[in-house]
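Asks: Need coordinates for the below:
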Amino acid sequence: MPYDPKVGPTPLYMIHKPPFSIEAAGYEPVEGETIPRVHPKSKNGLITRPAPEVSTVYDLVKRTASLHGGEPAVGSRKLIKVHTEKKKVQKTVDGEVVEVEKEWTYYELSDYNYLTYNEYFTMALQVGAGLRKLGLSPGDKLHIFAATRFVPHSPRVLLPC
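Replies: Purely as a prediction, here's the structure:
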């Protein structure tokens, strides 16, 4: 299935065939309730790994690079410009409706740029090599802090001790 970043990976036709869920084993029928349902692939228990050979994030990235090497893996966008504008909004203060001025911030972002699975795997290998060069070894712990939203002017970088 071709991937179009503007449309997404969802096809316009059904790719899987029913059943989409089955009754879970080991439950007795209770009047007025339905028996819990599970995905057909987890009929023998929950799936704990995407594949038998995957037990770490590294294994997962390596496997996806071998299966989908040239396909887009992760995307990012660059900040083009920060727009701020002031608007008057109604706010209730002590039971009275008052108009107050509020500042709104909008972020103008570029289109997505994608790394392929192969490029992403190469980057993971480079990060791992860099951490080794800094002196980390198997068994050491590293905590990475990352923002889940765009926060301008936050240059904090934490390195391992």
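
Asks: Strands of the protein, start to end?
Replies: Along the chain, counting by DSSP state E, strands occupy 22-23, 37-38, 72-76, 79-93, 96-109, 113-116.

Asks: Please produce TSV containing these, extended by mean neighbour count, mean pLDDT and distance to Arg63.
Replies: C-beta: built from backbone N, CA, C; applies to glycine. What follows is these, written out as TSV (neighbours: other Cβ atoms under 10 Å; pLDDT from 0 to 100; distance: least, Cβ to Cβ, whole Å):
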stretch	mean neighbour count	mean pLDDT	distance to Arg63
strand 22-23	14	91	27
strand 37-38	14	90	25
strand 72-76	14	91	12
strand 79-93	9	90	33
strand 96-109	10	89	31
strand 113-116	14	94	15
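
Asks: and of these, who's closest to Leu142?
Replies: Of all the strands of the chain, the one in closest proximity to Leu142, counting by Cβ to Cβ, is strand 72-76 (19.9 Å).

Asks: Reformat the strands of the chain as a markdown table; add distance to Thr48.
Replies: Formatted as a markdown table, the strands of the chain follow (distance: least, Cβ to Cβ, whole Å):
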| stretch | distance to Thr48 |
| --- | --- |
| strand 22-23 | 19 |
| strand 37-38 | 14 |
| strand 72-76 | 23 |
| strand 79-93 | 39 |
| strand 96-109 | 37 |
| strand 113-116 | 28 |
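
Asks: Provide a list of residues in contact with the residue in the chain sticking out farthest from the centre.
Replies: In terms of distance from the mean C-alpha position of the chain, Glu96 ranks first, at 43.4 Å (Cα atoms, centre = their mean). For Glu96, the contact set (Cβ atoms under 8 Å, 6 or more residues apart in numbering) is empty.

Asks: Any idea what it is bridged to?
Replies: Assessed by DSSP bridges, Glu96 has beta-bridge partners Val93.
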